[in-house]
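Visitor: Take a look and give me a structure for this.
(one chain, ligands or ions: 3)
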Amino acid sequence: MKLSVLPGRTSAALAVSVATLLATASIAGAAPAPAAAAAPDIPLANVKAHLTQFQSIAAANGGNRAHGRAGYKASLDYVKAKLDAAGFTTTIQQFTSSGRTGYNLIADWPGGDTNQVVMAGSHLDSVSSGAGINDNGSGSAAVLETALAVSRAQYQPTKHLRFAWWGAEELGLVGSRYYVNNLSSANRAKISGYLNFDMIGSPNPGYFVYDDDPAIEKVFKDYYAGLGVATEIETEGDGRSDHAPFKNAGVPVGGIFTGASNTKSAAQAAKWGGTSGQAFDRCYHSSCDTTSNINDTALNRNSDAAAHAVWELSS
Ligand code: DTR
Ligand code: ZN
Ligand code: ZN
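Guide: Numbers count the residues shown, from 1 in each chain. Ligands and ions are numbered 1, 2, ... in the order given. Next up is the predicted model:
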């Protein structure tokens with residue numbers, strides 16, 4: 001049985017854990033079943049630090065991080081540098097859309113069965129009207145921090161982990177569709193699931209779970225149930241984000257979402273808090289989608305949900 005020592009555990013705590021384990025084993029007469037490695041907590045401060053970086057990048061590059069603009073490439077370079085330093089194998093996939101060059105960033109975590117690939121992704125581009133911090137800095141930062149947590153833990157799951165940051169989602173899922181269309185059928189068949197994170201920190205949040213693959217949906221719903229948080233099926237636009245090309249290619253997909261321009265109902269406000277009669281994100285696709293346009297509780301819960309699903313589905 002491999003004892004994974006998560007960063008931050010004191011040696012005393014580890015000693016207690018080992019002693020308890022041995023005691024249990026000796027009492028029970030048999031070693032307990034190996035516990036599935038649990039995902040570590042994703043520090044909200046780390047996720048928000050990435051959002052601050054994305055906002056600074058937008059401010060230094062014409063006010064946005066849109067496809068084909070300097071702010072997008074600077075965002076990609078920021079994310080790639082973090083992943084390279086953390087031991088990922090990164091690949092930049094280039095494409096052209098609307099006469100401008102776009103880029104996907106793919107990061108593979110070495111190890112695991114490459115015939116069973118678990119992917120987690122988010123679009124990194126914003127609209128041209130603003131910095132795109134909730135849409136979709138929130139998903140991009142959560143996926144980045146989940147990948148960095150894998151590195152910190154030196155997690156070695158059974159399945160192979162691959163993370164992706166898509167370009168030109170706002171132009172019509174261009175980057176993710178380009179990726180899927182350029183997979184061989186053999187490589188496409190190796191993807192056992194794709195998890196999508198697009199808008200997961202909305203200021204007036206709902207807790208929506210994609211109702212696509214039932215097994216993936218259950219992982220998310222069970223996670224929130226453990227927090228005592230009610231969830232609803234995502235209905236604000238099936239197929240309106242980067243999971244759609246994977247789903248259309250037959251890959252099991254899932255994801256979470258905190259809402260965009262739809263209005264929160266009184267019943268939803270009663271169970272989730274926030275303001276009824278108001279959009280989940282009043283700054284959707286607007287210049288006010290800044291670091292002030294984030295609900296910390298939602299971002300915290302959903303970053304942890306992302307890590308939980310990655311650990312659970314790859315173990
Ligand atoms: N297309 C996304 C916003 C969006 C709308 N409906 C959903 C459902 C699930 C995820 C995202 C979305 C965007 O503007 O990036
Ligand atoms: Zn958008
Ligand atoms: Zn989005």
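Visitor: Could you identify the helix or strand that succeeds the helix or strand bottoming out on mean pLDDT in the chain?
Guide: Least confident helix or strand of the chain, by mean pLDDT, DSSP states H and E, is helix 11-28 with a mean of 43. For helix 11-28, the succeeding helix or strand toward the C-terminus, using DSSP states H and E, is helix 44-60.
Visitor: quick one: average pLDDT of that next one?
Guide: Averaging pLDDT along helix 44-60 gives 99.
Visitor: That one - contacts with which helices or strands?
Guide: helix 70-85, helix 139-153, helix 296-314 (3 or more Cβ pairs under 8 Å, 6 or more residues apart in numbering; DSSP states H and E). Using the backbone N, CA and C atoms, a C-beta is placed for each residue, glycine as well.
Visitor: Contacts made by that helix with the rest, please.
Guide: 64-65, 71, 74-75, 78, 126, 130-133, 137-138, 140-142, 144-145, 148, 290-291, 294, 296, 299-300, 303 (Cβ atoms under 8 Å, 6 or more residues apart in numbering).
Visitor: Are any of the residues you listed buried, and if so which?
Guide: The neighbour-count criterion (16 or more other Cβ atoms under 10 Å) marks 64-65, 71, 74-75, 78, 126, 130-133, 137-138, 140-142, 144-145, 148, 290-291, 294, 299-300, 303 among the contacts of helix 44-60 as buried.
Visitor: Would you tell me which of the helices and strands packed on helix 44-60 gets closest to ligand 1?
Guide: Set against ligand 1 and scored by Cβ to the nearest ligand atom, these come closest in helix 139-153, at 8.7 Å.
Visitor: Now do the closest one against helix 70-85, angle only.
Guide: 10 degrees (axes from the mean of the first three to the mean of the last three Cα atoms, to 10 degrees).
Visitor: and the helices and strands packed on helix 44-60 as JSON lines, adding distance to ligand 1?
Guide: What follows is those, written out as JSON lines (distance: least, Cβ to the nearest ligand atom, whole Å):
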{"stretch": "helix 70-85", "distance to ligand 1": "14"}
{"stretch": "helix 139-153", "distance to ligand 1": "9"}
{"stretch": "helix 296-314", "distance to ligand 1": "12"}
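Visitor: What number of residues are in the vicinity of the closest residue to ligand 1 within the stretch 201-315 of the chain?
Guide: Residue nearest to ligand 1 within the stretch 201-315 of the chain: G237 (3.3 Å; Cβ to the nearest ligand atom). The burial count assigned to G237 is 12, neighbours taken as other Cβ atoms under 10 Å.
Visitor: helix/strand/coil for it?
Guide: Assigned with DSSP: H, G, I helix; E, B strand; the rest coil, G237 falls in the coil class.
Visitor: How about it, nearest residue that isn't a chain neighbour?
Guide: With Cβ to Cβ, 6 or more residues apart in numbering as the criterion, G237 has its nearest non-adjacent residue at 7.8 Å, and that residue is A260.
Visitor: Contact partners for that neighbour?
Guide: Counting by Cβ under 8 Å, 6+ apart, A260 has contacts 135, 199, 202, 236-237, 279-281, 284.
Visitor: Point me to the residue of the stretch 1-150 of the chain nearest ligand 1.
Guide: D135 (5.1 Å).
Visitor: likewise the stretch 51-200 of the chain?
Guide: D198 (4.0 Å).
Visitor: And the pLDDT at that residue?
Guide: pLDDT at D198 comes out at 98.
Visitor: Spit out the contact partners of it.
Guide: 122-123, 135-136, 139, 169, 241-242, 255, 257.
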